[in-house]
Every structure is written in structure tokens, then in C-alpha cells.
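Visitor: any chance you can model this:
(4 chains)
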There are 2 protein chains.
Amino acid sequence: MTPRSTRNGTPADGVSRPTAAKTPAAHARAGERGIPEATVARLPVYLRALITLAERGTATCSSEELATAAGVNSAKLRKDLSYLGSYGTRGVGYDVEYLRYQIAREIGVTQDWPVVIVGIGNLGHALANYSGFSSRGFRIAALLDADPARAGDRVGDLLVSDFDQVEAVVAEHGVAIGVIATPAPAAQDVCDRLVAAGVTSILNFAPTVLSVPEGVDVRKVDLSIELQILAYHEQRKALADGRAVGLLDELASDLPGVVAR
Amino acid sequence: MTPRSTRNGTPADGVSRPTAAKTPAAHARAGERGIPEATVARLPVYLRALITLAERGTATCSSEELATAAGVNSAKLRKDLSYLGSYGTRGVGYDVEYLRYQIAREIGVTQDWPVVIVGIGNLGHALANYSGFSSRGFRIAALLDADPARAGDRVGDLLVSDFDQVEAVVAEHGVAIGVIATPAPAAQDVCDRLVAAGVTSILNFAPTVLSVPEGVDVRKVDLSIELQILAYHEQRKALADGRAVGLLDELASDLPGVVAR
DNA sequence: CTCGGTTTGTTCCCACGTTCACAAACTCCT
DNA sequence: AGGAGTTTGTGAACGTGGGAACAAACCGAG
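Guide: So this is what the prediction gives:
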């Protein structure tokens, strides 16, 4: 096996982080201020809910209101926020604008993060045009594609450059986050190049398990996996509807010689 | 509030299911055969790894091999598979083709699921062209868009229909799964129409919390949230590098009157 | 048939995450 | 000023998930 660790594979929450801690060193470092992964994953949701509330002119809100806006339990919300500090006022609630800033600061989106997108096919186009990028603390530093035919294409107000520019772009803009939207076979090579160039966080849309060195974070977004999870539950619903049929199956599978429908 | 429950919001694993059970009824039903959510989320990953192995001509594989191919721990893999039954042979491993079928059956992708995609913008185009659809147990029954200007557009070998066709399409094809790729403001209305038409599973790409009635599953895919999670970790890495700076900040925040950089 | 080597299936234990429930703290009204 | 009503922050209980470790089962050689 290569020296890089193959710690990937979507441990239930879709993140490749080894549940916050793996090495003792990492554990100690995480303990410094440690916010649980599950909470980190919800902070952006709260942030969005707060922005919506702010746009509506709401100045203050209770944990209950914010929780329903974010689609979570109010107890969970309060516990999550308590990891950041005591930003609420008992008997009153939270100041929307203040909390919004505190969460944004904690996540790190008060500054702008330069991002490169690799693979400007259908999905790459969609990502490049996604307005949520610029409005939420991210700036597209470059669009890259290995296909020379695509180089020079205009997408939004950006030009597609050749993937060979990756080192130059990453160095020039100080890019730390890369988005991979290439076909699956190219993903690992692109990933290696990105990491070598200095990228330490990767969002992977290609349906492949990526191997990365220690210290590099990978998150995976996979349409087909999401659909399959839905299909599983859908199938169970269908079986539950025709309950007798389901029981028949179960029975049959216990009796050798009986063929399940 | 509407009568529909607002159980949404990405509980760490991105699924809106109330962690397998909420109502007592649902609990009892889940207990019938209960596969843990975390395991269900990994089955598609195993399935993909098995397909890759099969394409390479591998007839048999150990849990160790399959685990590394899927990017997980071998103990976890074995435990996951054990929920489905005993499909391996001790001292030998797993028959690739056999296990592949068993997992596909368990997930429910041995049959084809008809799917509708609503919102044929940049993202909708990308989804419609995604080859992983047809090859993995899903079939696009229709592309729908509320914008009359888009109706009649050709995407791949499908035509875009008006969203008003939703009831007809769902009824005709028996669609159970809907994909929402509209702008955020339209998402809830689209969702309501889909559910009313009979859709019971929704994959939501719009950056909004959807409210759905009991019994409808929602999974959310949100680019900007994924990026923000990466940004958080990236920020922590940066702080850890310049450790002295981090400590300075911490100190400053404890001393009133000292302005943090 | 027996024995050594291999690999699965499972048990046990620990850590993490969620939820409940309640004390502490704040506002407002009298 | 005091008390009633709210709402936060948190401690404790509970459930779920992950990983190590091991017994059971299988294969092949002798």
C-alpha cells in the first residue's frame, strides 16, 4: 500500500475525518477547544437560518424558533451553541445579528476562502455558476480542466484554464480548498496533484474513494449513493404497506426449500 | 404551523429520518428487521466497490480487501454485512458476484426506480446527464421545470416538460422518488406538489429546510454546507500551525479591553 | 482423519451523540 | 422591590456506532 493512509469512506456523516481524533497528538489538539463533528456539521445550517431571519428583520429569536427554522430539536440547538460560548440571554433568546457573526467566525467564513474547481463538465459548470459560493465566504480562484478543448471556455465571468496551471494557481491565491468534479477514473490523480500543490481540503463529487495523506480532509458528495439510500427506505415502505407479503417473505427465507417469490 | 411535521435538517448524516424511529409505530416496524442507518449509508459504497472488483475479474475477496477498496475498517465491514445475513465463507472470503447481488437486493436496486427531476437549470442539466443514474437502478421518468421557456428543451434523450405535468407523470410511471434542483424559494412548493402527487422520497439540492408529512423521507445535499465544514477544519489547521497566534487570541478574548486582532 | 492456517461472524467495551429535565438567570409587571 | 413567567445552559440518562479481540468454521496438506 502507498504511504498515504486510506482513511476515507463516509463514516455515516459523509466526512472522512477519523471522528475528530485518531492519533494521540490529534486528540490532544482537538481537546484544546473541541467542537464535536456532529455540531460542526450543523453550524452552517444554523447560520443559514439566522441569515434568513435577519433578512426578515427579526432582531431576536428563541432557541425554539431557530431550531424549527433549522429543522432540529431545540435542546440539540442549545447544546450545539453552548460549545461556542454563552451567546444567548436567559429569558430573552439570541440576538440574531450577534449570533450570526459568532457562528460565521467560528466556522471561518468571515474571511473569503479561495477555491479551485477541477473538471468543468456538466457538474463543474453548475458548481461554477452556483451563487451560494460567493455569498457565503468562498471565492472561485480558478476553473481547471485537463481537456485542452475546454481551456479558454467562459463560465460566468471566469475562464477555464488548463489543469497544468494548478500549482501556479494554488500558490498564487493561497488556495486551501479544492473541488473535484471530474469523471471517476481521473479523480485520484487530480487529488494527488492538488494535494502536492498544497491543497489540504477536498470536496469530492466523483464516485470514488480517494486516498489522501494524513492531515488532508476529504468530504464526498455522491448522488447515486443518496438515491440508493432513499431507495432502501422506499423499498421498506413498500414492504410495510403489504405487510402480509413481507411476513411471507420472512417466513419463506426461514424454511429451506421454499422459494421466496 | 402546518400540520406537517418539520423533521428535517441533516442530523449529522444528512438524512432526515428521525434516526430510524420516532413514533412507536415506526419503531416497531423498524425493529422487524432493522438495519442501522449508518450501515445503510455504507451499503452503496460496498456495492460500488464490489462492482469495481467484478469488472476486474475478481471472483472472491476477503473482508480486508473489500474494506480497503471501500475505504473503511474491515471489522466495520464485517459487522455491516452480518446485518444482511451470513453471505461469506470462513477461511475463504466473499463471492463477489453473490455478495453484489445480495447487497443490491437489500438496497432495492435490482429493480429500476423511476425518478423525476424538478428544476432543469445548471444543476438539473448535470443531474439529467449523470450516467450513474441508469447504471445503478434508477431511471429518469421525467424532467420538469416551471419555466415555460425551458419546456420542450432536449437534455440527453429526454424532453423537459412543464411542472404541471407532475401529477400525471408520477401516476403514470409510479414515481416514488423526486429530485429537487430548483432555486431555494421554489423548493417547498415543489416539494408539496411532489408529495401530494404521491412521491414519498425526496432528494433536495436546494439550500432550504423542507417540511414534509410523516412517512416522507428527505435527504439534503448542500454544496455550501460541505464547503463550510471544510473551511472550519481548514481554519483550525491554520491556527494549529501558528500555535502561538492561536494562544494569543485565546488570551485576548479572556481579557476585557484587549481587542482580538 | 487430523492439524495448521485463514477468515468470518459476533461479543464486549468504549466513545460519541441525542434527549430530557431542571437550576440559574433574565424581563416585565405590579 | 418582589414575584411570576420565560428562556438559556448544562448535568445526567439513554441509545447508537465503532473497534478490538476471539471463537467458530472452512480449506488444504500430509
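Visitor: what are the ranges of the helices in chain A?
Guide: Secondary structure of chain A (DSSP state H): helices at A:24-31, A:37-55, A:63-70, A:74-82, A:96-107, A:122-129, A:132-135, A:166-173, A:184-197, A:223-241, A:243-254.
Visitor: mean neighbour count and distance to residue B:108 for those - can I get that in CSV?
Guide: To be clear about C-beta, it is placed using only N, CA and C from the backbone, and glycine gets the same treatment. CSV is the format used below for the helices of chain A (neighbours: other C-beta atoms under 10 Å in any protein chain shown; distance: least, C-beta to C-beta, whole Å):
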stretch, mean neighbour count, distance to residue B:108
helix A:24-31, 12, 38
helix A:37-55, 21, 27
helix A:63-70, 20, 31
helix A:74-82, 17, 31
helix A:96-107, 19, 37
helix A:122-129, 21, 26
helix A:132-135, 15, 32
helix A:166-173, 16, 40
helix A:184-197, 18, 23
helix A:223-241, 20, 3
helix A:243-254, 12, 13
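Visitor: lowest-confidence stretch among the ones you listed?
Guide: Looking at those, the lowest mean pLDDT belongs to helix A:24-31 (a mean of 37).
Visitor: thinking again about what came up before, what would the helices of chain A look like in CSV with distance to residue A:145?
Guide: Below are the helices of chain A laid out as CSV (distance: least, C-beta to C-beta, whole Å):
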stretch, distance to residue A:145
helix A:24-31, 35
helix A:37-55, 28
helix A:63-70, 37
helix A:74-82, 39
helix A:96-107, 30
helix A:122-129, 7
helix A:132-135, 18
helix A:166-173, 11
helix A:184-197, 10
helix A:223-241, 20
helix A:243-254, 49
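Visitor: how far away is the residue in the stretch 151-261 of chain A positioned nearest to DNA strand D from residue B:224?
Guide: Nearest residue of the stretch 151-261 of chain A to DNA strand D, counting by C-beta to the nearest atom of the strand: residue A:229, 12.4 Å away. For residue A:229, the distance to residue B:224 equals 21 Å [C-beta to C-beta, to the nearest Å].
Visitor: cool, and residue A:119?
Guide: From residue A:119 to residue B:224 the distance is 19 Å (C-beta to C-beta).
Visitor: what is the end-to-end distance of stretch A:195-212?
Guide: 8 Å (C-alpha to C-alpha, to the nearest Å).
Visitor: wait, does it contact DNA strand D?
Guide: No - using C-beta under 7 Å from any atom of the strand, stretch A:195-212 stays clear of DNA strand D, with a minimum separation of 14.9 Å.
Visitor: give me the buried positions along that stretch.
Guide: A:195, A:197, A:199-212 (16 or more other C-beta atoms under 10 Å in any protein chain shown).
Visitor: same check, this time on stretch A:135-147
Guide: Within stretch A:135-147, the residues that count as buried by 16+ other C-beta under 10 Å are A:136-138, A:140-146.
Visitor: neighbouring contacts of that stretch?
Guide: With contact meaning C-beta atoms under 8 Å, 6 or more residues apart in numbering or on different chains, stretch A:135-147 is reached by A:104, A:107-120, A:124, A:128, A:133-134, A:151, A:155, A:158-163, A:165-166, A:169, A:173, A:175, A:177, A:182, A:186, A:190, B:224, B:227-228, B:231.
Visitor: circling back: out of the buried residues of stretch A:195-212, who's near chain B?
Guide: Contacts with chain B within the buried residues of stretch A:195-212, counted by C-beta under 8 Å from any C-beta of the partner chain: A:200-203, A:207, A:209, A:211.
Visitor: so of those, which ones are in strands?
Guide: Judged by DSSP state E, strands contain the following of those: A:201-203.
Visitor: and of the residues you listed, the nearest to residue B:69?
Guide: residue A:202 (19.3 Å; C-beta to C-beta).
Visitor: got a pLDDT number for that closest one?
Guide: Taking residue A:202 on its own, its pLDDT is 98.
Visitor: same thing with the one 5 residues further on?
Guide: Among the per-residue scores, residue A:207 shows a pLDDT of 96.
Visitor: could you measure from it over to DNA strand C?
Guide: The gap separating residue A:207 from DNA strand C is 24 Å, by C-beta to the nearest atom of the strand, to the nearest Å.
Visitor: my read is that residue A:229 contacts residue B:219, right?
Guide: Yes - with contacts defined as C-beta atoms under 8 Å, residue A:229 counts as touching residue B:219 at a distance of 6.6 Å.
Visitor: about what we covered before: closest one to residue A:72 out of the buried residues of stretch A:195-212, please.
Guide: When the buried residues of stretch A:195-212 are compared against residue A:72 (criterion: C-beta to C-beta), the nearest one is residue A:203, at 23.4 Å.
Visitor: tally of neighbours for the residue nearest to that closest one when sequence neighbours are not counted?
Guide: Nearest residue to residue A:203, sequence neighbours excluded (C-beta to C-beta, 6 or more residues apart in numbering or on different chains): residue A:179, at 4.7 Å. Applying other C-beta atoms under 10 Å in any protein chain shown, we find 31 residues neighbouring residue A:179.
Visitor: how about the contacts made by residue A:179?
Guide: A:115-118, A:127, A:202-203, A:205.
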